[in-house]
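A.B. asks: sequence first, then the predicted structure, then my questions.
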Amino acid sequence: MRSFLVQRRPERIAVRPQPTVARTAPPTAAPTATPKPTASPHRSPAVAPTSSIAPSARARLALIVDDCGQWLHIEEGYIALPIPLTLAILPQVRYSTRIADEAHAAGKGVMLHLPMQPIAALDPGPGKIMVSMNDETIEAQTARDIDAIPYAEGANNHEGSRATSDPRVMAAVMRVFKRRGLFFIDSRTIATTVAQRTAQEYGVPNAARDVFLDDRNTVPAVEAQLRLAAKIALKRGSAIAIGHPRPATLAAVRALYPELEREGITFVLARSLVAIDGKAPRQ
């Protein structure tokens with residue numbers, strides 16, 4: 001299995017000045033001897049519209065950890081936390097299978113982090129979905145990527161600002177998810193994404209990211225984004241926040257989750273917040 005180190009900012013289109021902090025991988029756990037793509041300069045808003053999910057007695061917050069399968073000791077730190085969270089795992093990277101097995105054994109959620117073509121000329125990694133592919137090739141690659149992640153119950157997009165804006169590409173992807181009975185969560189890496197809309201058209205259980213946690217790689221910045229995600233959940237009943245296998249993000253989640261629980265937040269797996277046609281999400 002080829003090692004592919006994905007080291008990047010979440011790729012999004014900006015509506016405000018670019019953050020200047022570059023993403024750097026934890027040096028002690030990163031696979032070696034693989035060139036690292038440059039972070040995409042394209043960014044979207046850090047906060048996206050949330051899914052329309054009816055409030056519950058306690059506000060629900062799903063934490064998704066993207067880019068998993070590369071930095072084992074950080075990812076195992078997330079798995080050790082005594083709260084539900086979901087690991088989105090890249091296919092065909094060094095620890096893909098191992099971290100999926102460990103997450104599942106610990107009762108955490110497991111998702112495929114589906115590599116998709118960005119606007120920038122960057123390689124999103126092994127198993128990528130490209131707009132130049134025909135429908136048959138897209139469906140076959142999507143199926144292989146799903147099969148590469150044991151216990152995957154759904155997926156979200158890795159990069160994908162170009163691919164998720166293409167209705168034909170997303171239709172081919174969603175046909176596979178429909179056949180497999182899997183959910184799809186739109187990471188919203190660009191404002192023109194049609195990923196969630198296409199999932200709805202195909203009857204695929206779906207949701208969308210509300211907050212990115214770690215555009216700025218400091219504990220106080222991540223804590224501020226966590227509080228923002230909690231505020232959205234308390235107001236609307238639920239929210240989805242995406243972070244990454246980074247020491248600052250792990251430290252912030254570890255430090256803040258007891259406070260958020262006291263304030264009325266219930267942490268849930270991502271699968272709990274997907275819905276079909278606006279109906280109540282699965283439990």
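C.D. replies: Good, I have the coordinates.

A.B. asks: what strands line up against the longest strand along the chain, and which way round?
C.D. replies: Counting residues, the longest strand found in the chain (DSSP state E) is strand 59-68. Strand 59-68 pairs in its sheet with strand 86-89 (parallel), strand 238-243 (parallel), strand 265-268 (parallel), by DSSP bridges.

A.B. asks: mean confidence for the second one?
C.D. replies: Strand 238-243 shows an average pLDDT of 98 in the prediction.

A.B. asks: repeat that for the first one.
C.D. replies: Mean pLDDT, strand 86-89: 98.

A.B. asks: what about the strands in the stretch 101-250 of the chain?
C.D. replies: When assigned using DSSP state E, counting those that start in this stretch, the strands of the stretch 101-250 of the chain occupy the ranges 109-116, 154-159, 183-186, 206-208, 211-212, 238-243.

A.B. asks: closest to Gln141 out of those?
C.D. replies: Set against Gln141 and scored by CB to CB, the strands of the stretch 101-250 of the chain come closest in strand 109-116, at 9.4 Å. For glycine as for every other residue, the C-beta is placed from the backbone atoms N, C-alpha and C.

A.B. asks: between that closest one and strand 59-68, how many degrees?
C.D. replies: Put simply, strand 109-116 runs at 50 degrees to strand 59-68, going by axes from the mean of the first three to the mean of the last three CA atoms, to 10 degrees.

A.B. asks: quick one, strand 109-116 and strand 154-159 angle?
C.D. replies: Orientation note: strand 109-116 sits at an angle of 40 degrees relative to strand 154-159 (the same axes, to 10 degrees).

A.B. asks: which other helices and strands contact strand 109-116?
C.D. replies: When contacts are defined as 3 or more CB pairs under 8 Å, 6 or more residues apart in numbering; DSSP states H and E, strand 109-116 packs onto strand 59-68, strand 86-89, helix 96-105, helix 135-147, strand 154-159.
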